[in-house]
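Chemist: need coordinates for the below:
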Amino acid sequence: MSVDPMTYEAQFFGFTPQTCMLRIYIAFQDYLFEVMQAVEQVILKKLDGISDSDITPVQIRKCTEKFLSFMKGRFDNLFGRMEQLFLQLILRIPPNILLPEDKSQEMHSYSEEEFQLLQKEIEELQKKYKTELCAKQALLAELEEQKIVQAKLKQTLTLFDELTNVGRDHGISDFRESLVSLVQNSRKLQNIRVVIEKEGERLKTS
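Modeler: Below you'll find the predicted structure:
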């Protein structure tokens, strides 16, 4: 069998030419074996009709096997020539022929240098795509964080509105102004405490 993979022919036929030839070879071997079995059975039946024959079934089997080996050898010799003829002249696509699905290669042929440039351009586009994908993921993550902050801000505003309503129920007209005043008074108290602590430290040292 030929060692040439013949991949282009396999693309066209759907099978390799070597596989086709192998199936032909196996089919003929099977057919030859079946024929020799049938011939042997006919000879054995004829032999049963001869009463004084010295030929035994074992001798017939040996003769059949010998003839089968002879036929197989002749066929192998002829099949080698037939295989060479089929693979070279019948099942081979000429090098100047393109399949219909490859016609675009004839219209858009590239040199080795142009092919390398295309490869480089493809790699650069892939890098840009990965960079843009990472940037998109970062933006999506930032958007999620903004949604979380917005939700917390909304909760805070809701809390302030609820406190304002409670303040109104208890006679406080503007809760926000009261809260600002409370913060300012708290800072004043902190400052007074700092002054008192410093004065206490000074009196202890004096």
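Chemist: for stretch 35-54, what is the distance to the chain centroid?
Modeler: 62 Å (C-alpha atoms, centre = their mean, to the nearest Å).
Chemist: just give me the residue right at the centre of the chain.
Modeler: Gln126 (17.5 Å; C-alpha atoms, centre = their mean).
Chemist: need the helix or strand of this structure with the lowest average pLDDT.
Modeler: Least confident helix or strand, the chain: helix 103-107 with a mean of 65, by mean pLDDT, DSSP states H and E.
Chemist: does the next helix-or-strand element following that one pack against any helices or strands, and if so which?
Modeler: Downstream of helix 103-107, the first helix or strand assigned by DSSP states H and E is helix 112-169. Packed against helix 112-169 by the contact rule (3 or more C-beta pairs under 8 Å, 6 or more residues apart in numbering; DSSP states H and E) you find helix 175-205. For glycine as for every other residue, the C-beta is placed from the backbone atoms N, C-alpha and C.
Chemist: let me see the mean pLDDT of the helix it packs on.
Modeler: Helix 175-205 carries an average pLDDT of 73.
Chemist: quick check: angle from it to helix 112-169?
Modeler: For helix 175-205 against helix 112-169, the angle by axes from the mean of the first three to the mean of the last three C-alpha atoms, to 10 degrees is 90 degrees.
Chemist: how far off centre is helix 175-205?
Modeler: For helix 175-205, the distance to the chain centre is 70 Å (C-alpha atoms, centre = their mean).
Chemist: by contact count, what packs against that helix?
Modeler: By 3+ C-beta pairs under 8 Å, 6+ apart, helix 175-205 packs against helix 112-169.
Chemist: neighbours around Met21, how many?
Modeler: If you count neighbours by other C-beta atoms under 10 Å, Met21 ends up with 19.
Chemist: how far away is it from Gly14?
Modeler: Met21 sits 15 Å away from Gly14, going by C-beta to C-beta, to the nearest Å.
Chemist: what's the span of stretch 102-117, first residue to last?
Modeler: 21 Å (C-alpha to C-alpha, to the nearest Å).
Chemist: tell me which element the nearest residue to Leu68 once chain neighbours are set aside falls in.
Modeler: Of all residues not flanking Leu68 in the chain, Met36 sits nearest, at 4.8 Å (C-beta to C-beta, 6 or more residues apart in numbering). Using DSSP H and E, Met36 sits within helix 17-48.
Chemist: list the helices and strands the helix or strand following that helix packs on?
Modeler: Downstream of helix 17-48, the next assigned helix or strand under DSSP H and E is helix 57-85. Here helix 57-85 touches helix 17-48, going by 3+ C-beta pairs under 8 Å, 6+ apart.
Chemist: list the buried ones in the helix it packs on?
Modeler: 17-18, 20-21, 25, 36, 40, 43 (16 or more other C-beta atoms under 10 Å).
Chemist: helices or strands next to it in the packing?
Modeler: helix 7-13, helix 57-85.
Chemist: lowest average pLDDT across the ones you listed?
Modeler: Minimum mean pLDDT among the helices and strands packed on helix 17-48: helix 7-13, a mean of 81.
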